[in-house]
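Visitor: Below: sequence and its predicted model.
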Amino acid sequence: MMNSTHVTFFTLSAYFDTGRLKYVYFLVVMTLYSLIVCSNVLLIVVICVNRTLHEPMYLFLCSLFVNELYGSSSLFPLLLVHILSNSHTVSAPLCFLQIFCIHFYGSVEVFTLGAMSYDRYVAICLPLQYNMYMSLRNVWVMTASVWLYSVLATLAMLSLSAPLQLCGNIIHKVYCDNFSVVKLACYDTSVSNIYGLSYIFTVIVGLIAMILFSYMRILKVCLSGSRRTRQKALSTCIPHLSSIVNFSFGAFFEIVQGRFNMNGVPNMVRIFLSLYWLTCQPLFNPLLYGLNLTKIRIICKSLGTRR
C-alpha cells in the first residue's frame, strides 16, 4: 500500500503508442498552441495600446484573453513533451502545480464570463446608470476580485487533496486533474468531495443563474426596442453567449468524465472531451470577439494594412 509520502510521481495512462504518427500529432498540437498564443497576444496588445478600447467590456475581454493564454500554457508544453516521450510520468510537485493552474484557469474563466454578463445587462437594461455602475474603478475591483477569489478557492481545493494518502499513482488522463488524484486516496475523501460539489452547486450554478437572468432581461429589452437597438445588442451579446455555451459544454463533459465511470467510451473520445474545455475556449474566443466586435475588427484591420 502506498501513502502520500511515497508517491513521488504520477503516470498519465491515457497516452498510447502511436508510432511515427506521434510526430504528426506533435505538429498538429504545436500548430494549435501557436495559434492560441499568437491570437490571444495580438488581442491583448490591441486592447492595451488603444485608448479607445479602454472601456469595461474590452478590459474584461483583456482579462479573459490573459487567462486563456495562461490556461493553455499550463497544458500544451507538458502535452507536447509527452507526445514525443516514451515515458508518460510527471513528478508529484509538477502534477499538483498543473492541477492548480488548470483549476485556477477554469475558475477565472467562469467568473470573468459572469462579470461580462453583468456588464452587458447594465449597458442594455440600465444605460443611463452605466457609467456609475461600470466605472473603471469598479471594473478593476471586479477583475482583481475574480483573480484573487480564484487563487484562494483553488488553494483551498489543493489543501484538501494534496495531503491525502494515496494507494496508487496512475491517472487515466493526459494531464493531472484534481479529482483523478482524489480517486487514488486510500481513505475517506468526503471532505474534498463535499467541497468540490459545494463549489459546483453554489458558485457555478449561482453564476449560471445570474447569467440567465441577465440575458432574459436583455432579451426583453431587445424585443421591446427598435431595430437598431436589437442589432446593437445582438452584435455584442452573440459572441459572449457563444463563449458561455462553448465553455459550459466543455466543463460539463469534464465534470461528467471525472465523476462517472467512462470506461465504455472510446479512449480517443475521452481524450478529446478532456482537452476540449482547455483548447476550444483559447482558440475560438479570439476569433469570436475579433470578428464580431466592430472596434476590435477595425483596429486589427488597420494594423494589417498599415505600412
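Guide: Looks like it came in fine.
Visitor: Where does the prediction get shaky in the stretch 51-200 of the chain?
Guide: The stretch 51-200 of the chain contains no residues with pLDDT under 70.
Visitor: where along it do the strands fall?
Guide: Under the criterion DSSP state E, counting those that start in this stretch, the stretch 51-200 of the chain carries strands at the ranges 89-91, 170-171.
Visitor: TSV please, covering those strands and showing mean neighbour count and distance to Gly290.
Guide: Quick note: C-beta positions are derived from backbone N, CA and C, even for glycine. Below are the strands of the stretch 51-200 of the chain laid out as TSV (neighbours: other C-beta atoms under 10 Å; distance: least, C-beta to C-beta, whole Å):
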stretch	mean neighbour count	distance to Gly290
strand 89-91	16	34
strand 170-171	16	35
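Visitor: so which of these gets nearest Ile218?
Guide: strand 170-171 (41.6 Å; C-beta to C-beta).
Visitor: Report the strands that pair with that closest one, each with its relative direction.
Guide: strand 9-12 (parallel) (DSSP bridges).
Visitor: surely Ser242 meets Leu288?
Guide: Yes: in this structure Ser242 lies within contact range of Leu288 using C-beta atoms under 8 Å: 5.6 Å.
Visitor: Between the two, which contacts overlap?
Guide: Residues touching both Ser242 and Leu288 by C-beta atoms under 8 Å, 6 or more residues apart in numbering: none at all.
Visitor: now the strands of the stretch 51-200 of the chain in TSV, with distance to Leu80?
Guide: Formatted as TSV, these follow (distance: least, C-beta to C-beta, whole Å):
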stretch	distance to Leu80
strand 89-91	13
strand 170-171	18
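Visitor: To Pro266, which of those strands lies closest?
Guide: Among those, strand 170-171 comes nearest to Pro266, with 18.5 Å by C-beta to C-beta.
Visitor: what's next to that closest one, contact-wise?
Guide: For strand 170-171, contacts defined as C-beta under 8 Å, 6+ apart pick out Phe10, Thr11, Leu12, Ser13, Cys95, Asp177, Ser180, Val181, Leu184.
Visitor: Now for the fourth one: which residues touch it?
Guide: Contacts of Ser13 were listed using C-beta under 8 Å, 6+ apart, and they are His88, Ile170, Ile171, His172, Lys173.
Visitor: do the third one as well
Guide: Going by C-beta under 8 Å, 6+ apart, Leu12 touches His82, His88, Thr89, Val90, Ile171, Lys173, Val174, Tyr175, Cys176.
Visitor: Where do the helices of the protein begin and end?
Guide: 21-49, 56-73, 76-84, 92-125, 130-133, 136-161, 178-182, 190-198, 205-224, 227-259, 267-292, 294-305 (DSSP state H).
Visitor: quick one: the longest one to helix 136-161, angle?
Guide: Inter-element angle recorded for helix 92-125 and helix 136-161: 150 degrees (by axes from the mean of the first three to the mean of the last three C-alpha atoms, to 10 degrees).
Visitor: how many neighbours does Pro56 have?
Guide: Here the number of neighbours of Pro56 (other C-beta atoms under 10 Å) works out to 25.
Visitor: where's the nearest residue to Asn67 once chain neighbours are set aside relative to Ile102, distance?
Guide: Spatial nearest neighbour of Asn67, excluding adjacent residues (C-beta to C-beta, 6 or more residues apart in numbering): Val108 at 4.5 Å. Here Val108 is placed at a distance of 11 Å from Ile102 (C-beta to C-beta, to the nearest Å).
Visitor: So for these two, which residue has more residues nearby?
Guide: Val108 (24 against 21).
Visitor: check contacts around that one.
Guide: Taking C-beta under 8 Å, 6+ apart, we find Val108 in contact with Ser63, Asn67, Val146, Trp147, Ser150.
Visitor: shouldn't the last one be in contact with Ser107?
Guide: Yes: the pair Ser150 and Ser107 passes the contact test of C-beta under 8 Å, sitting 3.8 Å apart.
Visitor: Put the alpha carbons of stretch 189-205 into PDB.
Guide: C-alpha atoms of stretch 189-205 as PDB (Å, rounded to 0.1, in the frame of the first residue of the first chain):
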ATOM      1  CA  THR A 189     -12.400  11.700   0.800                       C
ATOM      2  CA  SER A 190     -15.800  13.100   1.800                       C
ATOM      3  CA  VAL A 191     -14.500  16.500   2.900                       C
ATOM      4  CA  SER A 192     -12.800  17.000  -0.500                       C
ATOM      5  CA  ASN A 193     -15.800  15.700  -2.400                       C
ATOM      6  CA  ILE A 194     -18.200  17.900  -0.400                       C
ATOM      7  CA  TYR A 195     -16.000  21.000  -1.100                       C
ATOM      8  CA  GLY A 196     -16.000  20.200  -4.800                       C
ATOM      9  CA  LEU A 197     -19.700  19.600  -5.000                       C
ATOM     10  CA  SER A 198     -20.500  22.600  -2.900                       C
ATOM     11  CA  TYR A 199     -18.300  24.800  -5.200                       C
ATOM     12  CA  ILE A 200     -20.100  23.400  -8.300                       C
ATOM     13  CA  PHE A 201     -23.700  23.700  -7.000                       C
ATOM     14  CA  THR A 202     -23.300  27.100  -5.200                       C
ATOM     15  CA  VAL A 203     -20.800  29.200  -7.100                       C
ATOM     16  CA  ILE A 204     -21.100  27.700 -10.600                       C
ATOM     17  CA  VAL A 205     -24.900  27.200 -10.500                       C
END
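Visitor: Before I go, just wanted to say thanks for your time.
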